[in-house]
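1. Sequence below, structure please.
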Amino acid sequence: MDSLLAATASQWATDTNAAVHIQLISADSADDVLKAISRDPSEEEAEEEDEGGADVIQFHPAFTYSIYGEHERVFGYKGLQIFLRYAAGSLATHLDMRYAQRIDSLDTTHAVQLRADDVISPLQQHLSAPAVCPTAEEFAQRVARDTREFRPPGRKVHEYAGVDAGQTYEVYEGDFADARVRAYHERVQLLVMLYIEGAQAIDTADERWRVVSVFERLVLDGRASYSLVGFCTVYAFFHWPDHVRWRISQFLVLPPFQAQGHGQRLYREIHRMVRDDPRAVDLQVEDPSAAFDDMRDRCDMQYLLAERAFDGLQGAPVAAETMAALARRFKMSRRQTARCVEMALLRRLDRRDEQKYAAYRLFVKRRIYAQNADQMSAMDADERRERVGAAYQAVEEDYARIMAAL
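-> Have a look, this model is predicted:
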């Protein structure tokens, strides 16, 4: 009996990362929206359709464990499709689902009554109620209206052109003292959970949060229409006596817009805002991913090289006072300043000069040891040398990879 139930469970289980279809939709008319969403979705991720006059960009989540549990599976359906639809700019929302079969609609001889999981309510719990449209018809009307009338919340601070002719992107910033900024961020919180591992909703009542967002602007029949590209939340921590430290918390470029340079544009604009803020001490990042660290390193190195920040450096070691002065001047964290200085030194180092190469290795190893002193102090001398040596080798290889991309 147990094996029969297990076999049944396997047949009726669905991977929620594949089942959830996120759609960004814009259209001039409600009829165009209804025609577009009535079609079966393409199997291609991040595919843009232009059916019946509606633009539909579709993609899948990276994570659904915060919605459907650690196994990211639901039970009771075959051919399950869950649609999380957004108006591309305003993020007005509609939830829908389709399936070929549902287990509790079938006759069963099992002693245990089998019931299909509720797949809509777990998503609804994370949506901003004012943004949710209960019917497809209401959603279609909202999309058509918002395609014409929606304007990004906050203050426009930057604009840049895309790779293709006619593409324009705008950057907006604001804090939660602005009701529109606060309400809009409540709409993006579900996207944060679906793409940033370990992400948690932030307190929109705390006005020390800032949001910096990127929108694509299209001109349709002489009217501007906006679509969300990505966003970042930044928190201003108090720094004695009357300064602040900016810390990046959530940083997301939506999948259809990734690998197009928008993350770099967004990060550079945030760093510029920090440099222009007389109260700001530096810019820090909360639990960055490896991909974010790579982007940050490239952006910081390109900026510092353009500013000739390293011209006065003679080689390793670099005095602590010099490192601190660079961190203050460019408003970067001490750790990030150290990484950039080490990359700059390696970039100009002649490794055939064994004396200078040895001085560089010792300089970097001392920083590695200092950052891991608690763990290293528990090791004997041989193990400590081995660990530091391995860490140094990984750092040098990483620096070479990053500098090759500059």
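2. By mean pLDDT, which helix or strand of this protein comes out lowest?
-> strand 47-51 (a mean of 49; mean pLDDT, DSSP states H and E).
3. Tell me the secondary structure at Cys232.
-> Following DSSP: H, G, I helix; E, B strand; the rest coil, we place Cys232 in the strand state.
4. what about the residue nearest to the spatial centre of the chain, distance to Gly261?
-> Of all residues in the chain, the one closest to the mean position by C-alpha atoms, centre = their mean is Leu252, 2.0 Å from it. Per C-beta to C-beta, to the nearest Å, Leu252 is found 15 Å from Gly261. C-beta coordinates here come from the backbone N, C-alpha and C atoms, glycine included.
5. same deal with Cys299?
-> Taking C-beta to C-beta, one finds Cys299 at 10 Å from Gly261.
6. and what of Ala390?
-> 34 Å.
7. neighbour-wise, which of the two wins?
-> Neighbour count, other C-beta atoms under 10 Å: between Ala390 and Gly261, Gly261 has more, with 15 against 11.
8. Tell me, what's the model's pLDDT at the more buried one?
-> At Gly261, the pLDDT value in this model is 96.
9. Now for the nearest residue in space to it that is not next to it in sequence, how many residues are close by?
-> Spatial nearest neighbour of Gly261, chain neighbours left out: Val163 (7.9 Å); criterion: C-beta to C-beta, 6 or more residues apart in numbering. The criterion is other C-beta under 10 Å. On that basis, Val163 has 7 neighbouring residues.
10. Show the pLDDT at Val163.
-> Looking at Val163, the pLDDT reads 81.
11. In this structure Tyr303 contacts His271, no?
-> Yes: the criterion here is C-beta atoms under 8 Å, and Tyr303 meets it with His271 at 7.3 Å.
12. Common neighbours of these two, please.
-> Shared contacts of Tyr303 and His271, defined by C-beta atoms under 8 Å, 6 or more residues apart in numbering, are absent.
13. For these two, indicate the residue with more neighbours.
-> His271 (21 against 17).
14. Please compute how far the stretch of helix or strand the more buried one belongs to lies from its chain's middle.
-> Assessed by DSSP states H and E, His271 sits inside helix 262-276. Relative to its parent chain, helix 262-276 has a centroid offset of 15 Å by C-alpha atoms, centre = their mean, to the nearest Å.
15. Let's see the next helix or strand after that helix as CSV, backbone CA atoms only.
-> Where DSSP H and E defines the elements, the next helix or strand beyond helix 262-276 is strand 280-285. Taking Å, rounded to 0.1, in the frame of the first residue of the first chain, the C-alpha atoms of strand 280-285 are listed here in CSV:
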residue,chain,number,x,y,z
ALA,A,280,27.5,59.2,3.4
VAL,A,281,30.7,57.5,4.6
ASP,A,282,30.8,54.5,2.2
LEU,A,283,28.7,52.0,0.3
GLN,A,284,28.5,48.4,1.6
VAL,A,285,26.7,45.3,0.4
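16. which parts of the helix holding His271 are buried?
-> His262, Gly263, Arg265, Leu266, Tyr267, Arg268, Glu269, Ile270, His271, Met273, Val274, Arg275 (16 or more other C-beta atoms under 10 Å).
17. Give me the packing partners of it, helices and strands only.
-> strand 155-161, strand 168-175, strand 209-220, strand 223-239, strand 243-253, strand 280-285, helix 290-306 (3 or more C-beta pairs under 8 Å, 6 or more residues apart in numbering; DSSP states H and E).
18. can you list the residues that contact the last one?
-> Residues outside helix 290-306 that contact it (C-beta under 8 Å, 6+ apart): 251, 263-264, 267-268, 271, 285, 288, 310, 330, 332, 336, 339-340, 343-344, 402-403, 405-406.
19. Give me the buried entries from those residues.
-> 251, 263, 267-268, 271, 285, 310, 330, 332, 336, 339-340, 343-344, 402.
20. farthest-separated two in the residues you listed?
-> The two members of those with the most space between them (C-beta to C-beta) are Phe251 and Phe310, at 26.6 Å.
21. Which residue ranges of the stretch 1-150 of the chain form strands?
-> 13-15, 20-26, 47-51, 54-59, 73-75, 77-78, 81-87, 93-98, 101-102 (DSSP state E, counting those that start in this stretch).
22. Which one of these lies nearest to Arg180?
-> It is, among those and with distance given as C-beta to C-beta, strand 81-87, at 15.2 Å.
23. buried residues in the closest one?
-> So strand 81-87, judged by 16+ other C-beta under 10 Å, has buried residues Gln81, Ile82, Phe83, Leu84, Arg85, Tyr86, Ala87.
24. quick check: domain ranges of the chain?
-> Split into domains by automatic domain parsing, the chain comes to 1-128, 151-287, 308-404.
25. Having no further points to raise, I will conclude here.
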